[in-house]
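**Q** Build me a structure from this.
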Amino acid sequence: MTQTDTLKTATQAVTGNPKPANTAAPAPGQVTTGPIRGSRKVYSSPEAHPDIRVPFREIMLDPSANEPPLRVYDTSGPYTDDAEQIDVRTGLPKPRAAWLAKRNLVQATPRAVKPEDNGNAQGEQLVAPCPASHTVLQGQAGKPVTQYEFAKAGIITEEMIYVAHRENLGRQKAADDAAARLADGNSFDAAIPTFVTPEFVRDEIARGRAIIPANINHPELEPVIIGRNFLVKVNANIGNSAVTSSAAEEVEKLVWSIRWGADTVMDLSTGRNIHNIRDWILRNAPTPIGTVPLYQALEKVGGEVSKLSWEVFRDTLIEQAEQGVDYFTIHAGVRLQHVPLTANRVTGIVSRGGSIMASWCLNGHRESFLYEHFEEICDIMRTYDVSFSLGDGLRPGSIADANDAAQFAELETLGELTQIAWAKGCQVMIEGPGHVPMHKIKENMDKQLRDCGEAPFYTLGPLTTDIAPGYDHITSAIGAAMIGWFGTAMLCYVTPKEHLGLPDRNDVKTGVITYRIAAHAADLAKGHPAAKLRDDALSRARFSFRWQDQFNLSLDPDTACAYHDETMPKEAHKAAHFCSMCGPKFCSMRISQDLKEEAARMAGIEQKNEEFRKAGGTVYVPAE
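**A** The predicted model follows:
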């Protein structure tokens with residue numbers, strides 16, 4: 001089966017008309033596989049750790065470039081490795097299994113799956129469980145479990161070694177001119193190193209400035225570090241809806257997202273079959289998976305907010321932690337006293353989790369059970385090393401509400417909760433807005449760093465204007481690039497369908513690539529030592545009219561090639577030293593090349609003239 005055929009098979013259900021739930025188990029060939037155009041999968045090991053294999057993508061260049069392949073960060077997992085036999089029924093390889101086996105973890109009796117875990121789906125409506133084997137592990141009291149606890153104890157874990165090598169793109173030493181490139185940027189007092197060592201990673205995690213979301217029950221994970229002194233990361237959201245759901249579709253959404261550059265993926269599923277579909281996703285996920293447990297807890301009580309309780313929520317936390325979810329969005333910062341602050345907003349409370357908790361608080365005029373039981377939540381999450389993503393339930397949903405009292409009151413509460421979570425040994429990042437005009441973005445970053453002890457910031461955009469439905473991937477990418485430059489560690493993508501509907505396959509790709517642009521622009525502005533290498537390689541290819549190299553070095557080679565070729569219908573023109581914009585006579589780069597060649601020719605003539613003058617300026621030189 002060709003890659004195109006595989007793609008069609010995987011997406012028939014996604015792009016077709018709405019239909020009843022497809023409860024059949026996924027089969028081989030139902031996810032996108034194969035290398036990205038013009039590149040190959042490679043692996044590299046850190047010095048002294050040959051057992052740790054870190055994946056990268058190498059982009060092959062034309063021999064005329066006289067340059068080695070360009071190595072780039074790769075999020076796609078085994079799906080782009082031709083040597084891997086992908087079968088979603090058996091799941092992915094487990095690179096962390098050997099590491100986890102050496103730690104003080106105990107095998108636990110898994111919690112029994114309950115009918116309400118899958119929305120009480122039965123018979124033909126129930127998605128088949130994932131058959132991939134999965135052993136449930138737990139940490140022990142008094143012994144390090146989380147990456148934060150290991151870091152505080154001065155212990156460098158395999159995950160820390162892995163992410164250091166990954167951030168360095170497999171280099172064993174700093175890149176040439178790394179210090180100069182770093183000095184050329186403005187990182188707003190961040191501490192980006194010229195070379196990332198495992199010790200630097202450990203120190204950043206110990207200080208709470210970075211996290212490695214890595215549940216001990218997710219051995220398939222290829223670890224990722226999130227922090228402002230590392231490459232800016234991108235998250236993509238997936239999830240089934242109450243209308244349609246199938247495990248095949250959801251696994252393909254995951255694979256499609258990471259193919260184009262999503263560093264983490266959040267499963268925001270609602271409706272039936274949440275538990276079983278999540279298991280299919282986790283067993284086939286090389287990236288960290290995040291969830292909002294409150295969504296499933298609400299499904300378990302039939303969608304009635306008044307029936308939510310700590311007991312239901314606690315049970316849901318344990319259920320998802322045992323499955324291997326790497327980070328939870330917990331909206332514990334939405335307190336009863338904050339809700340009245342939203343009364344005069346233009347768009348009220350726009351966060352699903354925030355609105356659920358605000359409604360629960362007002363229903364009985366009581367404090368949030370998430371806030372009151374926060375230490376117990378910490379204990380559960382520490383047991384499995386699930387990282388906190390402290391939710392911004394009161395984020396502004398319009399620029400009119402940006403930076404208001406409700407938003408910042410919640411942020412201050414998140415700072416208090418961060419200190420509690422750290423004291424309990426948990427990893428923490430903080431979620432941020434939202435809709436914020438450009439001139440108010442820096443204030444968000446500065447306040448978050450100050451109030452939350454420099455814990456990593458994870459923002460949705462922010463969207464910089466409200467007037468562009470259908471183009472909010474652009475309005476938000478503007479804000480994302482800015483706040484990423486200012487210090488945000490991870491950007492949550494926005495698709496063109498934001499505010500309008502459920503994104504399809506093309507929307508997901510557009511959203512991920514748009515946010516990869518924003519993240520990369522932020523890395524460039526901060527002076528990240530390796531960020532500019534790809535830009536320079538593409539610029540050299542562009543000036544030399546190496547069209548295939550231009551396409552392959554881009555974030556979306558297929559689209560770049562299609563745009564070029566569709567406007568150059570003649571086959572001979574596809575490799576010509578011009579494009580359809582300027583044509584052969586007005587191409588500035590072609591003219592520049594001619595000028596460069598003429599300058600070289602004139603320099604050669606001048607050199608000969610100088611030799612002539614030094615020889616006496618005579619036409620005939622006496623014979624020896």
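**Q** neighbours around Glu597, how many?
**A** If you count neighbours by other CB atoms under 10 Å, Glu597 ends up with 10. Glycine gets a C-beta too; all of them are placed from N, C-alpha and C.
**Q** just so I have it, where are all the helices in the stretch 351-500 of the chain?
**A** If DSSP state H, counting those that start in this stretch is used as the criterion, the helices of the stretch 351-500 of the chain fall at 352-364, 369-372, 374-384, 405-423, 441-451, 472-486.
**Q** Mean neighbour count, the ones you listed: which tops it?
**A** helix 472-486 (a mean of 25; mean count of other CB atoms under 10 Å).
**Q** So what's the gap between it and the chain middle?
**A** Here the centre of helix 472-486 is set off from its chain's centre by 15 Å, with CA atoms, centre = their mean, to the nearest Å.
**Q** still on that earlier bit, kindly reformat the helices of the stretch 351-500 of the chain as CSV containing mean pLDDT.
**A** Below are the helices of the stretch 351-500 of the chain laid out as CSV (pLDDT from 0 to 100):
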stretch, mean pLDDT
helix 352-364, 97
helix 369-372, 99
helix 374-384, 99
helix 405-423, 99
helix 441-451, 99
helix 472-486, 99
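**Q** Quick one, which of the ones you listed gets closest to Lys173.
**A** With CB to CB as the measure, helix 472-486 is the member of the helices of the stretch 351-500 of the chain nearest Lys173 (26.7 Å).
**Q** Which elements pack onto that closest one?
**A** Counting contacts by 3 or more CB pairs under 8 Å, 6 or more residues apart in numbering; DSSP states H and E, helix 472-486 is packed against helix 441-451, strand 457-460, strand 490-492, helix 505-526.
**Q** elements contacting the last one?
**A** Using 3+ CB pairs under 8 Å, 6+ apart as the contact criterion, the neighbours of helix 505-526 among helices and strands are helix 3-15, strand 233-238, helix 247-259, helix 472-486, strand 490-492.
**Q** Just the CA trace of it, in PDB.
**A** The C-alpha coordinates for helix 505-526 follow below in PDB (Å, rounded to 0.1, in the frame of the first residue of the first chain):
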ATOM      1  CA  ARG A 505      -7.800  16.800   9.200                       C
ATOM      2  CA  ASN A 506      -6.700  19.700   7.100                       C
ATOM      3  CA  ASP A 507      -7.500  22.200   9.900                       C
ATOM      4  CA  VAL A 508      -5.400  20.200  12.300                       C
ATOM      5  CA  LYS A 509      -2.400  20.200   9.900                       C
ATOM      6  CA  THR A 510      -2.900  24.000   9.400                       C
ATOM      7  CA  GLY A 511      -3.100  24.600  13.100                       C
ATOM      8  CA  VAL A 512       0.000  22.600  13.900                       C
ATOM      9  CA  ILE A 513       2.200  24.100  11.200                       C
ATOM     10  CA  THR A 514       1.000  27.600  12.000                       C
ATOM     11  CA  TYR A 515       2.100  27.100  15.600                       C
ATOM     12  CA  ARG A 516       5.400  25.500  14.600                       C
ATOM     13  CA  ILE A 517       6.000  28.800  12.700                       C
ATOM     14  CA  ALA A 518       5.200  30.800  15.900                       C
ATOM     15  CA  ALA A 519       7.300  28.600  18.100                       C
ATOM     16  CA  HIS A 520      10.300  28.700  15.700                       C
ATOM     17  CA  ALA A 521      10.000  32.500  15.300                       C
ATOM     18  CA  ALA A 522      10.100  32.700  19.100                       C
ATOM     19  CA  ASP A 523      13.200  30.500  19.300                       C
ATOM     20  CA  LEU A 524      14.900  32.700  16.700                       C
ATOM     21  CA  ALA A 525      14.100  35.900  18.600                       C
ATOM     22  CA  LYS A 526      15.400  34.400  21.800                       C
END
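**Q** which parts of it are buried?
**A** In terms of neighbour count (16 or more other CB atoms under 10 Å), helix 505-526 has its buried residues at 505, 507-526.
**Q** Can you tell me which of the helices and strands packed on helix 505-526 is packed in deepest?
**A** Of the helices and strands packed on helix 505-526, the one with the most neighbours on average (mean count of other CB under 10 Å) is strand 490-492, at a mean of 27.
**Q** quick one: average pLDDT of it?
**A** Across strand 490-492, the average pLDDT comes to 99.
**Q** List the strands paired with it, with their directions.
**A** Paired neighbours of strand 490-492 in the sheet (DSSP bridges): strand 233-238 (parallel), strand 457-460 (parallel).
**Q** so which of these comes closest to Leu553?
**A** Of all the strands paired with strand 490-492, strand 233-238 comes closest under CB to CB, at 18.8 Å.
**Q** domains in the chain, as residue ranges please.
**A** What automatic domain parsing lists as the domains of the chain is 3-34+85-527, 587-624.
**Q** quick one, which of these is packed in tightest?
**A** Comparing these by mean neighbour count (mean count of other CB under 10 Å), domain 3-34+85-527 ranks first with a mean of 20.
**Q** Can you give the distance of that one from its chain's centre?
**A** On CA atoms, centre = their mean, the centre of domain 3-34+85-527 falls 9 Å from that of its chain.
**Q** which regions of the protein sit below the pLDDT cut-off?
**A** Confidence mapping of the chain against pLDDT under 70 gives the ranges 1-29, 241-245, 568-587, 589-595, 598, 612, 615-624.
**Q** among the helices of the stretch 351-500 of the chain, which is nearest Arg71?
**A** helix 472-486 (22.3 Å).
**Q** Compute the inter-axis angle for that closest one and helix 505-526.
**A** Calculated by axes from the mean of the first three to the mean of the last three CA atoms, to 10 degrees, helix 472-486 forms an angle of 30 degrees with helix 505-526.
**Q** Thought Met266 was touching Thr291, still the case?
**A** Yes: applying CB atoms under 8 Å, one finds Thr291 in contact with Met266, separated by 6.6 Å.
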